[in-house]
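K.L.:
here's my sequence, what's the structure:
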Amino acid sequence: MKGFVIAEEGHIVQIMSPIDITGGVDSDVFSMANYGHATIIVSVGVSAAAFTKVILQECDDFVPTNTTDIAFGLYSEETALGDTLGARVVTAAAGKTPSANDNIHYVIEVDAAELTDGFPNLRLSLTNGVNAVLASAIAILSGARYGVVSSATAIA
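P.N.:
I've put the predicted structure just below:
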């Protein structure tokens, strides 16, 4: 087989099931302790208007007890074409203000080495006011420290 077999060489975590993010939603917290890299795909379906921000937070534990908003690499697809990501931009810790277009997505890239000592976990936060917006997010973890065909959970 050629290429990267995600199910065997990585770990897939559904951090946010498709949901109406009216009022804002935080994803599940997931651990980077056993992985070198995370790719987070945020998919936005139908939206009444743009939601407020896409924010990435490093967390000290799974509760999370303490969080810090962090800067991250971001690729955006904000057109009707569906598969034409723009160039990588570094997004400040304040987050990305998304487009109001329907059927868009964002790809967030972060290395475990970028996280602060004592904060081995990540959480996605989609802030929003009263606009009805449907969104979901998947994290693809790669660079496993202990790679196996059936990997252990990263969310508990």
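K.L.:
can you show me the helices along the chain?
P.N.:
Using DSSP state H, the helices of the chain run over 6-9.
K.L.:
quick one: the strands in it, in order.
P.N.:
Under the criterion DSSP state E, the chain contains strands at 11-20, 25-26, 30-31, 35-47, 53-59, 67-70, 72-77, 89-91, 104-111, 121-127, 133-144.
K.L.:
please name the nearest non-neighbouring residue to the residue minimising distance to the centre of the chain.
P.N.:
With distances taken as C-alpha atoms, centre = their mean, the chain has I40 as the residue nearest its mean C-alpha position (3.4 Å). Spatially, and ignoring its direct neighbours in sequence, I40 is nearest to I108 (4.1 Å; C-beta to C-beta, 6 or more residues apart in numbering). All C-beta atoms are positioned from the backbone trio N, CA, C, and that covers glycine.
K.L.:
next one: V63
P.N.:
Among residues not flanking V63 along the chain, V29 sits closest, at 7.7 Å (C-beta to C-beta, 6+ apart).
K.L.:
repeat that for K96.
P.N.:
When the adjacent residues along the chain are set aside, K96 lies closest to V54, with 4.4 Å between them (C-beta to C-beta, 6+ apart).
K.L.:
what helices or strands is the worst-scoring helix or strand of the chain on mean pLDDT leaning on?
P.N.:
Within the chain, no helix or strand scores below helix 6-9, which has a mean of 82 by mean pLDDT, DSSP states H and E. Judged by 3 or more C-beta pairs under 8 Å, 6 or more residues apart in numbering; DSSP states H and E, helix 6-9 is in contact with strand 133-144.
K.L.:
sounds good, over and out.
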